[in-house]
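>>> this one's structure only:
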């Protein structure tokens, strides 16, 4: 019989069982950086969005970054600077202050606060990416360069100085010290646990300037009010620093919240009592009437509520207590206005 040719071996079809698929190792995915800082205020952010919608689309991204850099989405800082300035203007004038100084200092508050935020973010540009609350800031994410932040600071500082030129010589001289304090404060958290005290001096320097602009003098009551504001600023900025305390410890930043440690709440009580006592002395020296004393009582109640909020030292509660100081400033200003109006 003739032999049949040998059969070729059949190829086995590749199947899922016979084919080995290379196993890919899962890659770590970086956590997304928030487009908006975690402490932005919803209402103010909506206003910023509305303003940006009026700009050409090509300008909106950079304009938003500059507005966020200068904290226009968080007006609470400007208000905490505004109230002591208005306290000083009203007490210096003995009633509603002259329209010129009132406009100059009101605009100056917003300009200088915005300038301070720009230089603060420049100083903290290597620290902010490591802090949960500040990781979304424009400098921390690279949306604004350090050179741009310095340019914004310079322009706002110049605009503030132009406003001061419409006052008198004493106010102009005092403005140089105020500019120095605003520029120095952001760098102090690397060298001292008391940057909040420096902030209080920077925020409160508008007080002697306001007295100088209205009366061409800085009387003792102005310095007493200035010292009271330093204490108040230490209170609310300690509450603010309590939000970031764990992150600040890791990156080596310093604050009163770290310095006070577990004694933070008792020390805040002491500072609150000191501030109230100082404001009582201000009211006595300025001969303010009963509406002011009612505002002192309201301040005590507001401080008590803040301490209740922060009793557990939770981050969002500490942030809420910080923002709550806006009502302290408003209550005292209303008390001053009514007391002077009823004189």
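Arrived safely, thanks for sending. Computed from a predicted model, the values in this text were never measured in an experiment.
>>> Let me see the ranges of the strands in the stretch 51-200 of the chain.
For the stretch 51-200 of the chain, no strands are identified by DSSP state E, counting those that start in this stretch.
>>> Show me where it has its helices.
Here the stretch 51-200 of the chain has its helices, by DSSP state H, counting those that start in this stretch, at 57-69, 76-93, 99-123, 138-141, 146-164, 169-188, 195-204.
>>> what about the longest helix in this protein?
helix 315-341 (DSSP state H).
>>> That helix packs against which elements?
If contacts are counted by 3 or more Cβ pairs under 8 Å, 6 or more residues apart in numbering; DSSP states H and E, helix 315-341 sits against helix 76-93, helix 220-243, helix 290-309. (C-beta placed from N, C-alpha, C; glycine too.)
>>> I figured residue 192 was touching residue 256, is that so?
No: between residue 192 and residue 256 there is no contact under Cβ atoms under 8 Å: 9.7 Å.
>>> follow-up on the earlier one: so which of the helices of the stretch 51-200 of the chain is nearest residue 250?
The closest of the helices of the stretch 51-200 of the chain to residue 250 is helix 138-141. By Cβ to Cβ, the value is 15.5 Å.
>>> Pull the distance from the closest one to the chain's centre.
Relative to the centre of its chain, helix 138-141 is centred 16 Å away, using Cα atoms, centre = their mean, to the nearest Å.
>>> which residues touch that helix?
33, 65-66, 68-69, 121-122, 124-125, 128-129, 134-135, 144-146, 149 (Cβ atoms under 8 Å, 6 or more residues apart in numbering).
>>> What of stretch 314-332?
In contact with stretch 314-332 (Cβ under 8 Å, 6+ apart) are residues 39, 76, 79-80, 82-84, 87, 232, 235-237, 239-240, 242-243, 279, 292, 295-296, 298-299, 302-303, 305-307, 309-310.
>>> one step back: restricted to buried residues, select the contacts of helix 138-141 in ChimeraX.
In ChimeraX syntax, the buried subset of the contacts of helix 138-141 is picked out as below (16 or more other Cβ atoms under 10 Å):
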select :65,66,68,69,121,122,124,125,128,129,134,135,144,149
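>>> Mind listing residues that contact stretch 51-59?
Contacts of stretch 51-59 (Cβ under 8 Å, 6+ apart): 60, 63-64, 67.
>>> swap the cut-off to 7 Å and go again
60, 63-64 (Cβ atoms under 7 Å, 6 or more residues apart in numbering).
>>> so who does the residue nearest the centre of the chain touch?
Closest residue to the average C-alpha location of the chain: residue 77 at 4.6 Å, with Cα atoms, centre = their mean. Applying Cβ under 7 Å, 6+ apart to residue 77 gives the contacts 71, 113.
>>> Find the nearest non-adjacent residue to residue 129, please.
In space, and not counting its chain neighbours, residue 129 is closest to residue 140: 4.6 Å by Cβ to Cβ, 6 or more residues apart in numbering.
>>> how far away is residue 77 from residue 262?
Residue 77 sits 28 Å away from residue 262 when distances are taken as Cβ to Cβ, to the nearest Å.
>>> For residue 206, which of the helices and strands packed on helix 315-341 is the nearest?
Nearest to residue 206 among the helices and strands packed on helix 315-341 is helix 76-93; the distance by Cβ to Cβ comes to 4.3 Å.
>>> Go ahead and measure how far the closest one is from the middle of the chain.
The answer for helix 76-93 is 16 Å, by Cα atoms, centre = their mean.
>>> So what's the model's average confidence on it?
Mean pLDDT, helix 76-93: 96.
>>> my guess is residue 222 meets residue 211, correct?
Yes: if you go by Cβ atoms under 7 Å, residue 222 and residue 211 touch, sitting 4.1 Å apart.
>>> Need the residues touching each of these two.
Between them, residue 222 and residue 211 share these contacting residues under Cβ under 7 Å, 6+ apart: residue 88.
>>> which one of these two has more residues nearby?
residue 211 (26 against 21; other Cβ atoms under 10 Å).
>>> hang on, the earlier thing: including distance to residue 207, could the helices and strands packed on helix 315-341 go into a markdown table?
A markdown table is the format used below for the helices and strands packed on helix 315-341 (distance: least, Cβ to Cβ, whole Å):
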| stretch | distance to residue 207 |
| --- | --- |
| helix 76-93 | 4 |
| helix 220-243 | 5 |
| helix 290-309 | 17 |
